[in-house]
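Visitor: compute the structure for the input listed below.
(chains A and B)
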2 protein chains.
Amino acid sequence: MALIVQKYGGTSVGSLDRIRNVAARIKRTRDEGNQVVAVVSAMSGVTDGLIKMAKELSETPTEREMDVLLATGEQQSIALVAMALNELGVEAASITGRQAGIHTTGSHTRGRILNLDPSLMKEFLDAGKTLVVAGFQGVTPDGMIHTLGRGGSDLTAIAVAASIKADVCQILTDVDGVYTCDPRVVKNARKLPEISYDEMLEMASSGSKVMQSRSVEFAKKFGVIFEVRSSLNDNPGTLVLEEHPTMENVVIRGISIERSQARVTITGIPDEPGMSGIILGALADAEINLDMIVSNIAHDFRARHSFTMHSSDLGRAQAALKPVLAELAPDASIETEAGIAKLSAVGIGMRSHSGVASTMFKALGDKNINIGMISTSEIKIAVTVDEVHIEDAARAVHDAFHLDRQPG
Amino acid sequence: MALIVQKYGGTSVGSLDRIRNVAARIKRTRDEGNQVVAVVSAMSGVTDGLIKMAKELSETPTEREMDVLLATGEQQSIALVAMALNELGVEAASITGRQAGIHTTGSHTRGRILNLDPSLMKEFLDAGKTLVVAGFQGVTPDGMIHTLGRGGSDLTAIAVAASIKADVCQILTDVDGVYTCDPRVVKNARKLPEISYDEMLEMASSGSKVMQSRSVEFAKKFGVIFEVRSSLNDNPGTLVLEEHPTMENVVIRGISIERSQARVTITGIPDEPGMSGIILGALADAEINLDMIVSNIAHDFRARHSFTMHSSDLGRAQAALKPVLAELAPDASIETEAGIAKLSAVGIGMRSHSGVASTMFKALGDKNINIGMISTSEIKIAVTVDEVHIEDAARAVHDAFHLDRQPG
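Guide: Predicted structure coming up:
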């Protein structure tokens, strides 16, 4: 008998019929001799409806109250899923974030998990019950309702799995697993049987929409092996786990793409200590998330800084930079470019294999695709290209590394 | 500066516009120099919508899960009201039943309040905040979410008022106060400036829809003086409080009517000890709430028992009685009558005034209205009449006791 955590997202519980399907799936897992702890999100649409009401009352609704409001979405779905299970003859009990002992810290609407006290869950499991735990929520040390922000339900599932020492943690979603590339772009993309935490993190931060980085980081930290699989079928998914030696045999695990990027390049800045810090500080104060950052010195000994960001941040970035540059470097100029995209090739095998960058750049060159910026980490090479070429670029690199073929 | 508890029902918070109105009213009370603790119900329609979903999943949804589900209704409205207050510049915080320290006992969906721990509310009040407390909910000793059943938000308001030693507890509703009789029936019915707990209890249990008995009982037990008043205007309402000597000057405080009643009469039962207990026990087992119970012995030394109940219970009552009588008293016969109504005249002055019954019966006789069953308590006389005559009966008795006139 295994203890299995299953996470169901908002689409999976998006209607009463789907809730019945989720209950049937949990029952099947249970009938196979397992104990099940299901972590569920709010029914799709419910959270958006609540946010809409709040925004009608106030442009900037109190964040403490947003947490109280939004936490009701998951509280409703756990009650409904537990009812559907009881109706199928499975003894089930709903468990709120507070009851699951999920203690959080950080500001409201953006909680971080501090620790878990699984004593109530254990008591119910010992009594033979199937549990339905509210994702996305916890409780602060002083007893206030707290939500965990984007990807919070995945985080709950992984944290619960860690705390009750589950044998398996399944993240059930609308995709079949993690692919070598987005199958809508690369038709012969292949589902990966496994991927390391670090690769998954690089994929997540490079535009792969499967999971938020924070959940993967949490899983890595607590050694929770989890499986990303479909809630619509019984196909095996992708295991996400700590790397093991044979994983290095594969050079590139996968490719992720990120569209709607923009570049800002500042030229003609005096190459003086502290200048970069001031510029980056101004962008951080404007709450702009920079992605790639490339700096170098031009032939005139003046510095040249390039950054990428989401194109929707471009206007705010220019507005934040102008006053700073006017004061510090009146000669500097700002050049911007929207309509670019990022292609990242990720694989821990890169550490022990050479020639990865040249294979990638040659594949792009053969297709006449021009490379903009380049940035690398130990297990990733990322380049920017014109957004119109991103799909061709992905297919070319996917082919160059033979990612459609199972490594032998 | 007074500490005021204001209870707003589901209609009062039934839309975002109404929530804004509630917030404005709370702000006004606050601006007058008071501290306010608002107790609110779920937005009207929300609870019904949740019940509908539950019933679609299961004919008999688990009661523990119903509590988890239904408690979200109030949790949403407290967050929204607190947001609306913050938007008006009033520092407000929502407080769930658990956070209000409302500890409950009893079965799920029908919780009873055990005690309150107002420490969090006091802490927030000391910090100058306006509180918005979820009605209708509490928490069991083992940390489970519990709802309080019908009238639960009134009960919350009165319990909160007791626990924080509020100066005033206002039950804001869609009626202006407690009237000498339902103004839709008796045009010259008069709003009462005050009524004693006991009279209010008799009115509530005799069909007056203003409040559930349990809230009044709780207020009486803890000496909480409360005022029933309109949420739509600033008219003074009706104070409900412990009786004081001058109250006895009024013989009849008010008249309540209850329609859709039915009578069951069993004749020909041997007059033996224990027979009544068996018959009443069978009806109790069938969960039929009896109202009036009248028994006597006929000239043949056989007993005759009459009961009234809501007419919707009549079928179940007959079904419950038949097998019992077939076994115990094959000669007994069951006679039923639907289409009756009950008229109750209530007043603590009855204790010290005689002739009340005769005045009442004469008034009915003068209108040729036949009296069916009669039952009395120390402060109430109740009679049944044909339902078609109930409005005429109410007007006749109201006139006979001059209830339209302010007692001088």
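
Visitor: same for the longest strand along chain A, what does it pack against?
Guide: Secondary structure assigned by DSSP state E gives strand A:254-270 as the longest strand of chain A. Contacts defined by 3 or more Cβ pairs under 8 Å, 6 or more residues apart in numbering or on different chains; DSSP states H and E place strand A:254-270 against helix A:197-205, helix A:275-285, strand A:302-310, helix A:314-328, strand A:333-346, helix A:390-400. (Each C-beta comes from the backbone N, C-alpha and C, glycine too.)

Visitor: JSON lines for the ones you listed, including mean neighbour count?
Guide: Output for the helices and strands packed on strand A:254-270, formatted as JSON lines (neighbours: other Cβ atoms under 10 Å in any protein chain shown):
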{"stretch": "helix A:197-205", "mean neighbour count": "24"}
{"stretch": "helix A:275-285", "mean neighbour count": "16"}
{"stretch": "strand A:302-310", "mean neighbour count": "20"}
{"stretch": "helix A:314-328", "mean neighbour count": "15"}
{"stretch": "strand A:333-346", "mean neighbour count": "20"}
{"stretch": "helix A:390-400", "mean neighbour count": "20"}
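
Visitor: hmm, back to that, buried stuff in the longest strand of chain A?
Guide: A:254-258, A:261-264, A:266-269 (16 or more other Cβ atoms under 10 Å in any protein chain shown).

Visitor: and the angle for that strand with helix A:197-205?
Guide: 70 degrees (axes from the mean of the first three to the mean of the last three Cα atoms, to 10 degrees).

Visitor: ok, strand A:254-270: who's next to it in the sheet?
Guide: When pairing is defined by DSSP bridges, strand A:254-270 lines up against strand A:302-310 (antiparallel), strand A:333-346 (antiparallel).

Visitor: ok, back up a step: between the helices and strands packed on strand A:254-270, which gets nearest to A:I113?
Guide: Shortest distance between A:I113 and the helices and strands packed on strand A:254-270, using Cβ to Cβ, is found for helix A:197-205: 17.1 Å.

Visitor: which strands or helices does the closest one pack on?
Guide: The contact analysis (3+ Cβ pairs under 8 Å, 6+ apart) places helix A:197-205 against helix A:213-222, strand A:238-241, strand A:254-270, strand A:333-346.

Visitor: and of these, who's closest to B:I4?
Guide: The closest of the helices and strands packed on helix A:197-205 to B:I4 is helix A:213-222. By Cβ to Cβ, the value is 44.3 Å.

Visitor: tell me which strands and helices the next helix or strand after the closest one is in contact with?
Guide: The C-terminal neighbour of helix A:213-222 among helices and strands, as given by DSSP states H and E, is strand A:226-230. Under the contact definition 3+ Cβ pairs under 8 Å, 6+ apart, strand A:226-230 sits against helix A:152-163, strand A:168-173, strand A:238-241.

Visitor: tell me the most buried of these?
Guide: helix A:152-163 (a mean of 27; mean count of other Cβ atoms under 10 Å in any protein chain shown).

Visitor: contacts for that one next, please.
Guide: Outside helix A:152-163, the residues within contact range by Cβ atoms under 8 Å, 6 or more residues apart in numbering or on different chains are A:5-7, A:9, A:37, A:39-41, A:74, A:97, A:100-102, A:111, A:113, A:116-118, A:121, A:133-138, A:148, A:166, A:169, A:171, A:211-212, A:214-215, A:218-219, A:222-224, A:226.
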